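In: Structure for the following, please:
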Amino acid sequence: MKSIAPDIPVFKLYGEALAWPTPDLLHCESIAQRSSLHHWEIKPHRHADLFQLLYVQEGEALAEVENQRLRLAEAAIQVVPPLCVHGFRFSEDIQGYVLTLAAPLVAHLEELLGHSLGVQGGFACHPAGTDRAWLDLLFETLFREYRGHEPGRELQLQSLVNLLMVWLGRRERRRAAPLGASERSRQYLARFMRLVEQHYREHLPVDEFAHRVGLSGVHLNSLCRQLVGQSALQVIHQRLLLEAKRNLIYTAMTVNELSDALGFNDPAYFSRFFRRLAGQSPKAFRQTAVAGSTSLPNQDDEG
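Out: Presented below is the predicted three-dimensional model:
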């Protein structure tokens, strides 16, 4: 298997190629602190092993996440899992925070929560709604604690992050999981999703995934249909499709190179696979996506 070495920038933090800049397992800064250095625009990039939460309080953000565009004009948290391609354009009156969690902390939180924070489709946007005042206080306290040096700082930061992740986990479950799904079923699904993330390029059979999860193939398929509305094979294929789309949009890889990088033995078969799932050829998808990205309005157009 050849490893993918795409041209999509992979930053520790946006604009930095240096090692993790803090002894903490998290980093917290205001949105304006970094975006103002880049003319209020964070161009599409991804983080290899970082999980980010962007909390917009005031102002406006135009977000592009995995080639999906949305406008954040009210208080909301945008979730950006590891390796998720994302970019933002902010109004100059933007207020809010960016919280970045390093891989060891993410792994610990996943163990506590019983589900993966980097599952496919995890780049959700959660409006603050009636919890706006509580979230404001939580982020402001977290930011102040992060910058300070008071006794118990590490424990306080961990407690605040735990509160935030519980809030997000509850919102995600209301959005995605059907009523009555057991905690054990969610744990099995999380384990399967982590395995898919690690091995989707290897084209392992569903039964192999099921064996590693600790279920039969039939049970894994039933669980996937119950919780995500797709078969286990469809989940694997959608992850392959997502990576193919990322590289078609953000890199100059040829179809042959991409086919090889994603573990397909035959570029023609890869093209048929892509067309069946995406409804168009890889070349047509790239042309459409690139043309669409040039039409994203700039700040001046927004008035």
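
In: From now on I want contacts and neighbour counts done on CA atoms only, so please keep to that.
Out: Fine.

In: low-confidence ranges in this structure?
Out: 1-23, 48, 114-123, 173-183, 292-303 (pLDDT under 70).

In: All the strands of it, in order from the start?
Out: Using DSSP state E, the strands assigned to the chain run over residues 26-30, 41-45, 50-58, 61-65, 68-72, 76-80, 86-90, 95-102, 125-127.

In: Identify whichever of those lies nearest to S159.
Out: Evaluated over the strands of the chain, closeness to S159 peaks at strand 26-30, with 12.7 Å, by CA to CA.

In: How far away from the center of its chain is that closest one?
Out: Its chain's C-alpha centre and that of strand 26-30 lie 17 Å apart, by CA atoms, centre = their mean, to the nearest Å.

In: List the contacts of that strand.
Out: Residues from elsewhere that reach strand 26-30 (CA atoms under 8 Å, 6 or more residues apart in numbering): Q95, G96, Y97, V98, L99, T100, L101, A102, L105, L142, F143, Y146.

In: For the second one, give the beta-bridge partners.
Out: Listed by DSSP bridges, the beta-bridge partners for G96 are V56.

In: give me the number of residues near it?
Out: 21 (other CA atoms under 10 Å).

In: Surely it touches V56?
Out: Yes: the criterion here is CA atoms under 8 Å, and G96 meets it with V56 at 4.6 Å.

In: before we move on, the earlier item: of the strands of the chain, which approaches S281 most closely?
Out: Using CA to CA, those put strand 68-72 closest to S281, at 18.9 Å.

In: neighbouring contacts of that closest one?
Out: Counting by CA under 8 Å, 6+ apart, V56, E60, A61, L62, A63, E64 sit against strand 68-72.

In: how about the nearest residue to the third one, chain neighbours excluded?
Out: If the residues on either side of it in the chain are set aside, A61 comes closest to F90, at 4.5 Å by CA to CA, 6 or more residues apart in numbering.

In: same thing with the fifth one?
Out: Counting by CA to CA, 6+ apart, F88 is the residue found nearest to A63 once chain neighbours are left out, at 4.6 Å.
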